[in-house]
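> Structural data only, the sequence is not supplied:
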């Protein structure tokens, strides 16, 4: 897996329906962390999970699984996402 920047924390998690946005900020601040978002996106892509970076500062990960996705694939993708986030600690 890709080396991820340390000190990235979740600023906010928001969404509507299946669409999910995960905002990343620098540890101890509310400053946007686009470097962490980019690194996390690359790590997700390397594991086969498609996410986008977005937001004014490029510090938001966007996840939008298809509504027709089988549950086992959704769970696998979320497990990969959780493991990648766990590596940032």
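Looks like it arrived, so ask away. Since the structure is predicted, the reported quantities are computational estimates derived from the model, not experimental observations.
> What is the subsequent helix or strand relative to the lowest-mean-pLDDT helix or strand in the chain?
Lowest on mean pLDDT, DSSP states H and E among the helices and strands of the chain sits strand 8-16, with a mean of 85. Going down the chain from strand 8-16, the next helix or strand is strand 19-26, by DSSP states H and E.
> Mind giving me the packing neighbours of that following strand?
With contacts taken as 3 or more CB pairs under 8 Å, 6 or more residues apart in numbering; DSSP states H and E, strand 19-26 sits against strand 8-16, helix 34-46, strand 60-63. Quick note: C-beta positions are derived from backbone N, CA and C, even for glycine.
> for the second one, packing partners?
Helices and strands in packing contact with helix 34-46 are listed as strand 19-26, strand 52-54, strand 60-63, helix 71-86; criterion 3+ CB pairs under 8 Å, 6+ apart.
> now the shortest one
Counting contacts by 3+ CB pairs under 8 Å, 6+ apart, strand 60-63 packs against strand 19-26, helix 34-46, strand 52-54.
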